[in-house]
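K.L.:
show me the folded form of this:
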Amino acid sequence: MPRLHPVADEENLNRWERAALRPPELWNFEAMPLPPMARPRWLRRLPHVLIGYGALTLAILGSDELVNQFRVHGQYGIPLGVATAAVVGYAMRRPLAAWWMSLGIAALTAFAVGGQLPSGQPWPWTVPGVIANAAVLFLLALRVRTRIAVKALVVTVGVGFVFDLFGLAMPPYNSSSATAALVYAVVVLVGTSLHGRREARDRLAEQESLTAEERSRRTLLEERNRIARELHDVVAHHMSVISIQAQVAPHLVRNPSDELKENLEGIRENALEALTELRRVLGVLRSENPEGAPHAPQPTLDRLDSLVENVRSAGLSITTDTSGEPHPLSPGVELSAYRIIQEALSNAIRHAPGAEVRVEIAYKPSVLGVRVINTAPAKPAPPSPGAGHGLLGMRERAAMLGGGLAAGRTPDGGYEVTAHLPLQASKDDA
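P.N.:
Next up, the predicted model:
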């Protein structure tokens, strides 16, 4: 006895239900506008213009043929001729709907001329009718799958042979069904070939784009790995040495003072903290997906007091002032404010030894203001290698949030850094 698979049966049932609810392919009347030419730019709409002029010419010639050659009364012949051409223009936007309309108009035209068909005239397809239906089938084949275009071709050819089979016109006449079928088959073949060629070109362009993106991504990853290696080999090594030397130094001095021990311990702690953050940065640099790399908790303004105490131990006199009502900030604003203050204080340590520093934070409804100002240095600053990347980094942090940063000397010889960080722009960063 065969085993039952209720899950598989349910999936098959759902598949059949979806297929039953899905409209037939030939009844898809969605808009599929004819795309403009890719180049040259000034000829982008040339196909649309040519089709429009062709449809207008077809309307004039078709109406004239129905009235004067097939002897259809003007009140029927002219509307039929115009309608035959109009569906060609409509096919530029909704090809399947236009195709159904062209079949209906072709049937009406065949009935209109069949009862009083002059001897030897083509039927059931008139010459303008063949041209119009061929144009519609071509525009259809350009934009739908080959299977749908072939179905439309079979139905169109079948309509002509049905008229021939039931003899709805008065003989003798020249059957145009075979000729029309050949013309329709050729235009559908050409249309589907162009459609397939365009799809292949699009797939190739997409593949080339993906390849270029992958190549760029690999190049970027290799560059990040190179930077990570340099940072690890140079910076991490020196920071480790500083930490070890600061730990060993008190044991090399006879009866070291408490102040010396405290300063050396501060050096060691700062070196270890720098190593921890450096390792986190190296992990992000080496990750193939930096956005998905694990992040350590980022510093916020809650750690400002710890930062200030750390800087005080380096010999600076610092005061802080907070104005406004403190309120929750997004992580982006918190981190940027902390890093800007941290960098400004680091600059004060390097360039203004013995100066007095003031840190101000202003909470406003839509902006967080940050200001770090120091007096003139109490003694000459020692040479400090650097290229000014700290100021550039502070400006970039403020700019990422839609804010700004100004830095410059004060009249008394000090230095001031002022930043404003919009709170609204920071929502995307949260």
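K.L.:
can you list contacts of the helix or strand containing residue 157?
P.N.:
For residue 157, the element it lies in under DSSP states H and E is helix 146-166. Residues from elsewhere that reach helix 146-166 (Cβ atoms under 8 Å, 6 or more residues apart in numbering): 25-26, 96, 99, 103, 106-107, 110, 114, 123-125, 133, 137, 140-141, 169, 175-177, 180-181, 184-185, 188, 191-192, 195-196. Any C-beta I mention is one placed from the backbone N, CA and C, and that applies to glycine too.
K.L.:
residue boundaries of the strands in the chain?
P.N.:
With strands called from DSSP state E, the chain shows them at 122-123, 174-175, 317-323, 356-363, 367-374, 404-409, 415-422.
K.L.:
switch these over to TSV; also include distance to residue 247, mean pLDDT and mean neighbour count.
P.N.:
As requested, the strands of the chain are exported to TSV (distance: least, Cβ to Cβ, whole Å; pLDDT from 0 to 100; neighbours: other Cβ atoms under 10 Å):
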stretch	distance to residue 247	mean pLDDT	mean neighbour count
strand 122-123	104	76	22
strand 174-175	104	78	14
strand 317-323	27	92	13
strand 356-363	29	94	18
strand 367-374	31	95	22
strand 404-409	36	93	13
strand 415-422	34	94	21
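K.L.:
which among the ones you listed is found nearest to residue 210?
P.N.:
Of all the strands of the chain, it is strand 415-422 that lies closest to residue 210, at 36.6 Å by Cβ to Cβ.
K.L.:
re the thing from before, show me which residues of the helix holding residue 157 are buried.
P.N.:
Neighbour-count burial for helix 146-166, with 16 or more other Cβ atoms under 10 Å as criterion, is recorded at 148-150, 152-153, 156-157, 159-160, 163-164.
K.L.:
measure residue 45 to residue 33 for me?
P.N.:
Per Cβ to Cβ, to the nearest Å, residue 45 is found 12 Å from residue 33.
K.L.:
can you check residue 266 too?
P.N.:
70 Å.
K.L.:
show me which of those two is the more surrounded one.
P.N.:
For residue 266 and residue 33, the more surrounded residue by other Cβ atoms under 10 Å is residue 266, and the numbers stand at 16 against 11.
K.L.:
setting aside sequence neighbours, what's the nearest residue to that one?
P.N.:
Spatial nearest neighbour of residue 266, excluding adjacent residues (Cβ to Cβ, 6 or more residues apart in numbering): residue 313 at 4.7 Å.
K.L.:
find me the pLDDT at the one you found, would you?
P.N.:
You'll see residue 313 listed with a pLDDT of 77.
K.L.:
is residue 135 in contact with residue 50, as I believe?
P.N.:
No - assessed by Cβ atoms under 8 Å, residue 135 is found out of contact with residue 50, at 10.8 Å.
K.L.:
more neighbours: those two, which one.
P.N.:
Comparing residue 135 with residue 50 by other Cβ under 10 Å, the one with more neighbours is residue 135, at 23 against 10.
K.L.:
how far away is the closest residue to that one other than its chain neighbours from residue 110?
P.N.:
Leaving out its chain neighbours, the residue that sits closest to residue 135 by Cβ to Cβ, 6+ apart is residue 88, at 4.8 Å. Per Cβ to Cβ, residue 88 is found 18 Å from residue 110.
K.L.:
what about the longest helix seen in the chain, average pLDDT?
P.N.:
Secondary structure of the chain per DSSP state H: the longest helix is helix 177-230. Averaging pLDDT along helix 177-230 gives 87.
K.L.:
could you do stretch 95-105 as well?
P.N.:
Here the average pLDDT along stretch 95-105 is 92.
K.L.:
so what touches that stretch?
P.N.:
So stretch 95-105 is in contact with 26-29, 32, 80, 83-84, 87-88, 90-91, 132-133, 136-137, 139-140, 142-144, 148, 152, 155-156, 159, going by Cβ under 8 Å, 6+ apart.
K.L.:
CA atoms only for that stretch, dumped as PDB, please.
P.N.:
Output of stretch 95-105 as PDB, limited to C-alpha atoms (Å, rounded to 0.1, in the frame of the first residue of the first chain):
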ATOM      1  CA  PRO A  95      -0.200  44.900 -26.500                       C
ATOM      2  CA  LEU A  96      -2.400  42.000 -25.300                       C
ATOM      3  CA  ALA A  97      -5.500  44.200 -25.000                       C
ATOM      4  CA  ALA A  98      -4.800  45.800 -28.400                       C
ATOM      5  CA  TRP A  99      -4.400  42.300 -29.900                       C
ATOM      6  CA  TRP A 100      -7.800  41.200 -28.700                       C
ATOM      7  CA  MET A 101      -9.300  44.400 -30.000                       C
ATOM      8  CA  SER A 102      -7.600  43.900 -33.400                       C
ATOM      9  CA  LEU A 103      -9.100  40.400 -33.600                       C
ATOM     10  CA  GLY A 104     -12.600  41.800 -32.900                       C
ATOM     11  CA  ILE A 105     -12.200  44.600 -35.500                       C
END
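K.L.:
can you map out the helices along the stretch 1-150 of the chain?
P.N.:
Using DSSP state H, counting those that start in this stretch, the helices of the stretch 1-150 of the chain run over 6-21, 46-64, 74-90, 95-114, 127-143, 146-166.
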